[in-house]
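Colleague: Whatever this is, show me its structure:
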Amino acid sequence: MSLATLERPRTTLHPAPSWPPRPAPAQAQTRTLTRVPDEKEARGVALYIGLDEAKAAASGIDLSRLVAEIKRLTAELAPDAETHAALALAPRGAGGRDVDVVRLALRDPSAVARHRGAADDESDERIDGVIVDLSRKRVTIDGDAAPLTYLEFELLQFLVLRVGQTVTRDDIVSGLWGDSDDTPGARTVDVHVRRLRSKLGAYEDIVRTVRGTGYRFDKHPDVAVTHSGAASPDRL
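Modeller: Next up, the predicted model:
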């Protein structure tokens with residue numbers, strides 16, 4: 001999933017307005033999305049709000065009311081919009097900027113990548129969860145490299161890039177083995193999935209079985225997918 005920025009409308013000079021003033025054309029108030037590739041489309045907005053409970057109380061508000069007001073405004077401006085709010089939790093006294101804590105807690109891929117880089121410099125710091133690095137073809141689990149074989153990584157990547165889709169065993173065989181003369185059967189696919197799950201340890205349930213059909217990978221709060229240190233174009 002790619003991110004886009006909101007571009008403020010440019011200010012231009014106009015002749016002095018007549019009286020009474022006429023309302024500005026709607027187009028002049030429109031903000032356009034920039035840096036969206038031609039093959040992509042914007043499907044929503046993620047807004048990270050860094051504000052702890054004490055600061056909210058000092059401002060005469062609480063986080064629940066803040067969320068309710070933002071949802072109310074969204075419904076008023078865009079009745080067809082779907083909204084979802086998640087509360088970011090951190091150990092008491094964790095320190096750092098509130099918004100950075102929020103982004104890391106909610107597994108923002110760029111925040112996770114930066115945190116991972118800091119962890120490389122501090123060996124005693126660990127990162128919880130699973131990071132699937134598509135560029136380096138490696139998986140880390142709670143900060144440690146998972147000992148996946150090439151085929152096991154390809155299998156996980158195949159599912160991750162089809163997030164939310166049920167993938168049949170035949171799809172997996174076609175995608176991983178292609179037209180190879182040594183094409184395995186469905187039973188072999190099941191064996192590879194079991195081996196992959198065993199190496200995912202406590203996170204084995206990120207690869208789900210769809211009984212009678214195949215397998216699928218759904219969005220998961222403990223999983224971040226990165227590509228060259230940034231969000232993958234195919235990120236969930």
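
Colleague: what residues are up against the closest residue to Gly164 other than its chain neighbours?
Modeller: Residue nearest to Gly164 in three dimensions, not counting chain neighbours: Asp218, with 5.9 Å by CB to CB, 6 or more residues apart in numbering. To be clear about C-beta, it is placed using only N, CA and C from the backbone, and glycine gets the same treatment. Taking CB atoms under 8 Å, 6 or more residues apart in numbering, we find Asp218 in contact with Val163, Gly164, Ile206, Arg208.

Colleague: if I read this right, the last one contacts His220, doesn't it?
Modeller: Which is Arg208. No: between Arg208 and His220 there is no contact under CB atoms under 8 Å: 9.9 Å.

Colleague: quick revisit: among the contacts of Asp218, name the buried ones.
Modeller: Neighbour-count burial (16 or more other CB atoms under 10 Å) applied to those gives Val163, Ile206.

Colleague: could you dump the contacts of Asp218 to JSON lines with pLDDT and secondary structure?
Modeller: What follows is the contacts of Asp218, written out as JSON lines (pLDDT from 0 to 100; DSSP: H, G, I helix; E, B strand; the rest coil):
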{"residue": "Val163", "pLDDT": "88", "secondary structure": "coil"}
{"residue": "Gly164", "pLDDT": "88", "secondary structure": "coil"}
{"residue": "Ile206", "pLDDT": "89", "secondary structure": "helix"}
{"residue": "Arg208", "pLDDT": "91", "secondary structure": "strand"}
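
Colleague: can I see the domain layout of this structure?
Modeller: 46-106, 127-231 (automatic domain parsing).

Colleague: most packed of those domains?
Modeller: domain 127-231 (a mean of 15; mean count of other CB atoms under 10 Å).

Colleague: Could you give the separation of it from the chain centroid?
Modeller: Centroid displacement of domain 127-231 relative to its chain, using CA atoms, centre = their mean, to the nearest Å, is 17 Å.

Colleague: hmm, back to that, secondary structure class for the residue nearest to Gly164?
Modeller: coil (DSSP: H, G, I helix; E, B strand; the rest coil).

Colleague: follow-up on the earlier one: which one of the domains of the chain lies nearest to Lys40?
Modeller: Lys40 sits nearest to domain 127-231 of all these, at 12.2 Å, using CB to CB.

Colleague: Return the distance of the residue nearest to Gly164 relative to Leu47.
Modeller: Taking CB to CB, to the nearest Å as the measure, Asp218 falls 23 Å from Leu47.

Colleague: Over to Lys40?
Modeller: 20 Å.
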